[in-house]
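> The following block contains a protein sequence and its predicted model.
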Amino acid sequence: MPKQGYTPDGYFEYTVYPLEGIWDLTEEGKKLDTLNKDELLYTIMIRQPDFVTKEIVERAFENVEKKKSHPFLNDVKFGTFQDGLSVQMLHVGPYDDEPQSFKLMNEFIKKIILKELHSNIEKYIFQILEKLNLQN
């Protein structure tokens, strides 16, 4: 932003936050015995610092459009997300093996009497995995 000649109140240099994804299955996908990846529904997010407002995002979009039109820019939404109680697990391995991890999490949830989660939140922590030599 300072490079664009505009510095919003509260601005500070920051590292981009990790990508997060919320996903679930379509109603049809939930009926299947095996995972059909075509039945996945996604919302992909990147947290923004508190100084980023809807107006700042709109201004950034205008700057992008001036440089080069992007076919997915109109699909991007700015909003808030309130997280609640959750169970998290680091899944190491292929995506096709994730149902085993979800089964373990659901068993854990049932043991501690939490309401079963209907959607799954993943934080992509590739940098950490890379540092731990765990990334495939």
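Happy to help now that I have it. Residues are numbered from 1 along each chain as shown.
> Need the three-state assignment for the spatially most central residue of the chain.
When Cα atoms, centre = their mean is applied to the chain, the residue found nearest the centroid is residue 20 (1.9 Å). At residue 20 the chain is in strand, as set by DSSP: H, G, I helix; E, B strand; the rest coil.
> Pull the number of nearby residues for the residue lying closest to it once chain neighbours are set aside.
Nearest in space to residue 20, with sequence neighbours left out and distances taken as Cβ to Cβ, 6 or more residues apart in numbering, is residue 45 at 4.7 Å. C-betas here are computed from N, CA, C, even on glycine. Counted with other Cβ atoms under 10 Å, the neighbours of residue 45 add up to 16.
> In the helix or strand hosting residue 45, which residues are buried?
For residue 45, the enclosing helix or strand under DSSP states H and E is strand 40-46. Across strand 40-46, burial judged by 16 or more other Cβ atoms under 10 Å covers residue 45.
> Tell me which other helices or strands that strand touches.
Applying 3 or more Cβ pairs under 8 Å, 6 or more residues apart in numbering; DSSP states H and E, one finds that strand 40-46 contacts strand 19-25.
> Now do the buried residues in the very next helix or strand once past the strand it packs on.
Following strand 19-25 in sequence order, the next helix or strand is helix 27-31 (DSSP H and E). Residues of helix 27-31 classed as buried by neighbour count (16+ other Cβ under 10 Å): residue 29.
> low pLDDT regions in this structure?
1-2, 113-136 (pLDDT under 70).
> just the helices in it please.
Applying DSSP state H to the chain gives helices spanning 27-31, 54-67, 98-111, 126-131.
> Out of those helices, the one nearest residue 4 is which?
Nearest to residue 4 among those is helix 54-67; the distance by Cβ to Cβ comes to 6.3 Å.
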